[in-house]
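In: next one to model:
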Amino acid sequence: MTETEGVSGRSAVVTGGNKGIGAAIVAALLADGHRVASFSRGGDAPEGALGIACDVTDAAQVEAAFKAAEEAHGPVEILVANSGVTKDTLILRMNDAEWDLVMNTNLKGAFRCAKRASRSMLRKRWGRIIFTGSVVGLYGSPGQVNYSASKAALVGMARSLTREIGSRGVTANVVAPGFIETDMTAVLPDEVIAGYQASIPAGRLGVVDEVAATVAFLASDKAGYISGAVIPVDGGLGMGH
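Out: Residues are numbered from 1 along each chain as shown. Alright, predicted model coming up:
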């Protein structure tokens, strides 16, 4: 047991932790006894977490947010880079702004946070970096060239980080959710949901707690020998990819 474990757990940062999958991840880490800072544009956070306003596309805001988290909770030991946006359209209609927004948030934002978090992890010789990817990162999806590319790139980032800093007790993994019940899927027509379910071997959509439980395990001491992995939470939709 290290000096930061025990009753107070470890210092964790979750980006995009204010709603949906991110909020469930925050709740799971809190339940495991960790001290959690939740980054979001508005700074709102689930009960029990420290809410910090941060736009991950802004390097200065990322630095300020990490400083605030460390002042409150100590050096960051767990990072869940969960912030993400979509700007879906077919490639012939996709413009540079739609490409850049998705890449700057989903990929460059994750890079900024991983770079900043690794600073304290390397000093402590312990760390967990977890990226929220997506089944479409390797499976593909029409109208999501930008989103799919950004999520696929997280796999290369995690594997490169594993080779670069894995010898210092830091792991880097990707959790790849499939179709999950969130506010976004709640507004979809029944026939669209039925179409999704027909393509999923499990025959249903996932729930946010299933993704959060996977993240919580990867953040634990028990997952210390898992790194550079892509863990699907998709009901079997993307198997083989």
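In: so where do the strands sit in the protein?
Out: For the chain, applying DSSP state E gives strands covering 11-15, 35-40, 50-53, 78-81, 127-132, 170-177, 180-181, 206-207, 230-233.
In: and those, which one averages the lowest pLDDT?
Out: The minimum mean pLDDT among the strands of the chain belongs to strand 180-181 (a mean of 94).
In: paired strands for that one, with orientation please.
Out: Its sheet considered, strand 180-181 pairs with strand 206-207 (parallel) by DSSP bridges.
In: what's the strand it pairs with in contact with?
Out: Here strand 206-207 makes contact (CB atoms under 8 Å, 6 or more residues apart in numbering) with 177-181, 233-235. Every residue, glycine included, has its C-beta placed from N, CA and C.
In: in CSV: these, plus distance to Val170 and neighbour count.
Out: Shown next, in CSV, are the contacts of strand 206-207 (distance: CB to CB, whole Å; neighbours: other CB atoms under 10 Å):
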residue, distance to Val170, neighbour count
Pro177, 23, 24
Gly178, 27, 23
Phe179, 31, 22
Ile180, 27, 22
Glu181, 32, 16
Val233, 22, 22
Asp234, 26, 25
Gly235, 30, 23
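In: so which of the residues you listed is the closest to Thr57?
Out: Taking CB to CB as the measure, Thr57 lies nearest Pro177 of those, at 21.9 Å.
In: poorly predicted segments of the chain, please.
Out: By pLDDT under 70, the low-scoring segments of the chain are 1-8.
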